[in-house]
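Undergrad: Make a model of this:
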Amino acid sequence: MPQISRGGKYIFGLSLIRADGSVMLPEGAVNEYGIASEGRVYLFTGSKSTGGFCVTRRGLLEPSKLCNILTDNPKLKDYALGNGEFVRYKGRSYCWTKIEGNGRIILTQSMLECLSLNTGMKLFAVRSSNIAFTMGAKGLLYERVESYRGEITAY
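TA: You can find the predicted model right below:
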């Protein structure tokens, strides 16, 4: 996993949004966050500068300082919303979706639209915090990943 700049963020790898909406989350991120362990993940919109989406799971979010996302949105917490159905909360949009044991998720067309993404786009996986990692789609960090001369694993 390369560190793009000294003191910078760690990049787990690059993922392609395939024509069927599937995205393979990088193995390092899947393992570090235990992201596939619950069979479902929460996705939420990324920052304005990075775009894309952040990925977490209930076991990481519930005990964190961001637990109010779930307590204030019980339908999200209990997976009572439809798979991929977003709810708006404090400036971001949140949903849940299924995840396979190997880290594969499927983004429906409505999810792609909500996240301002398209099939064929490359996303870079970056360590964001101990709660979530980001699948970024644009910005300065994306440009650094694109121009990085070392090896970055593609998924």
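Undergrad: Kindly provide the distance from P26 to E113.
TA: 24 Å (CB to CB, to the nearest Å). Heads up, the C-betas are built off the backbone N, CA and C, glycines and all.
Undergrad: And these two? Which one has more around it.
TA: The neighbour count for P26 versus E113, taken as other CB atoms under 10 Å, is higher for P26 (25 against 12).
Undergrad: What ranges in this protein fall below the confidence cut-off?
TA: Where the chain drops to pLDDT under 70, the residues are 1-8, 145, 147-153, 155.
Undergrad: let's see it at 50
TA: Along the chain, segments meeting pLDDT under 50 span 1.
Undergrad: Would you state the helices of it in chain order?
TA: In the chain, the helices defined using DSSP state H lie at 27-33, 58-61, 68-71, 74-77, 109-114, 140-147.
Undergrad: Redo those helices as CSV? Include distance to V126.
TA: Below are the helices of the chain laid out as CSV (distance: least, CB to CB, whole Å):
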stretch, distance to V126
helix 27-33, 9
helix 58-61, 16
helix 68-71, 20
helix 74-77, 24
helix 109-114, 20
helix 140-147, 7
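Undergrad: Quick check: G139 touching S49?
TA: Yes. With contact defined as CB atoms under 8 Å, G139 reaches S49; the gap is 4.6 Å.
Undergrad: between the two, who's got more neighbours?
TA: More neighbours surround G139 than the other of G139 and S49, with 17 against 11 (other CB under 10 Å).
Undergrad: Give me the distance between the more buried one and L123.
TA: Counting by CB to CB - G139 and L123 are separated by 12 Å.
Undergrad: Kindly report the same for G136.
TA: 6 Å.
Undergrad: The two - which one has more neighbours?
TA: L123 (28 against 25).
Undergrad: From the structure, what's the count of residues near the spatially closest residue to that one that is not a sequence neighbour?
TA: Excluding the flanking residues, the one nearest L123 by CB to CB, 6 or more residues apart in numbering is M135, at 4.2 Å. The local packing of M135 (other CB under 10 Å) involves 30 other residues.
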